[in-house]
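S.K.: What follows is a predicted structure for the sequence shown.
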Amino acid sequence: MDYLYAGIWQVRAFFDRTDPASFLSGSRTPLVILPGVYETWKFMQPLVEAAHEAGHPVHVIEPLRRSQRPVVEMAQHVTDYLQRASLEDVVLVAHSKGGLVGKQTMVGPSGDRVRGMLAIATPFGGSRYARLMFAVPTLRIFSPRDATIIALGREAAVNERIVSLYAGFDPHIPERSELAGAVNIMLDTGGHFRILADPRVQEELEKLAH
């Protein structure tokens with residue numbers, strides 16, 4: 001069911017022609033979308049649409065594309081966007097790898113522009129399965145021994161501004177996504193992708209971005 005959900009939204013994302021600029025209006029807390037690896041922002045489109053309907057301006061950072069570049073490089077794109085758009089008091093909304101990019105942004109020079117982050121199914125401690133991905137560098141970076149994973153683990157000061165949501169069972173992250181010092185919420189659901197459809201995700205986003 002998890003991969004069926006992912007497959008459906010990947011296909012919809014391919015054919016969908018929605019302009020992300022249509023979500024920039026709104027007077028409430030601005031949100032910045034950080035999708036996971038191999039995903040575009042359209043993979044999180046239901047969450048984007050719901051947040052925009054609730055009055056939040058939602059920002060999509062096009063240079064992130066399918067999130068295949070190194071975490072530090074992607075975080076620099078986010079930092080540049082926050083500065084260029086003069087955004088303040090933003091909430092980052094991240095799925096999977098996007099949460100690593102978000103935390104890297106929060107510990108960087110524009111970290112004070114970020115109120116907090118809702119991280120969904122993020123491998124903050126890595127995943128043991130990544131060690132098996134010898135031929136796929138894009139996935140191998142999720143190894144618990146990866147330098148970026150280790151470095152981010154040492155940056156604990158921002159954890160209190162992070163809400164980490166994760167499923168009771170995640171086939172990609174058997175270690176789950178608990179982050180010391182953060183608000184950790186394990187949802188009564190399963191899956192690495194299908195968790196995005198859980199109503200609790202939108203509820204927790206509203207609490208964080210009230």
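M.R.: Arrived safely, thanks for sending.
S.K.: mind listing what residue 170 touches?
M.R.: 121, 176-177, 190-192, 195 (Cβ atoms under 8 Å, 6 or more residues apart in numbering). Where you see a C-beta, it was placed from the backbone N, CA and C, and this is true even at glycine.
S.K.: Spatially, which two of those are the most separated?
M.R.: The span of the contacts of residue 170, defined through Cβ to Cβ, is set by 177 and 190 at 13.5 Å.
S.K.: Comparing those two, which residue is more hemmed in?
M.R.: Counted by other Cβ atoms under 10 Å, residue 177 and residue 190 do not tie: residue 177 has more neighbours, with 26 against 14.
S.K.: Surely that one touches residue 166?
M.R.: Yes - with contacts counted by Cβ atoms under 8 Å, residue 177 reaches residue 166, the gap being 3.7 Å.
S.K.: any common contacting residues for these two?
M.R.: Residues touching both residue 177 and residue 166 (Cβ under 8 Å, 6+ apart): 121-122, 184.
S.K.: Show me the strands in this structure, by range?
M.R.: Assigned by DSSP state E, the chain shows strands spanning 31-34, 58-60, 90-95, 114-120, 162-169, 183-190.
S.K.: burial of residue 189, as a residue count?
M.R.: Residue 189, neighbours per other Cβ under 10 Å, totals 18.
S.K.: Spit out the contact partners of it.
M.R.: Counting by Cβ under 8 Å, 6+ apart, residue 189 touches 167-168, 195, 198.
S.K.: Return the helix or strand in the chain with minimum mean pLDDT.
M.R.: Least confident helix or strand, the chain: helix 137-140 with a mean of 70, by mean pLDDT, DSSP states H and E.
S.K.: Quick one: the helices in the protein, in order.
M.R.: Along the chain, the segments classed as helices by DSSP state H run 2-15, 45-53, 71-84, 97-106, 137-140, 147-154, 199-208.
S.K.: just so I know, which of those helices lies nearest residue 161?
M.R.: helix 97-106 (6.9 Å).
S.K.: Output the contacting helices and strands for that closest one.
M.R.: Counting contacts by 3 or more Cβ pairs under 8 Å, 6 or more residues apart in numbering; DSSP states H and E, helix 97-106 is packed against strand 31-34, helix 71-84, strand 90-95, strand 114-120, helix 147-154, strand 162-169.
S.K.: what does the average pLDDT come to for that helix?
M.R.: Confidence for helix 97-106, expressed as mean pLDDT, is 97.
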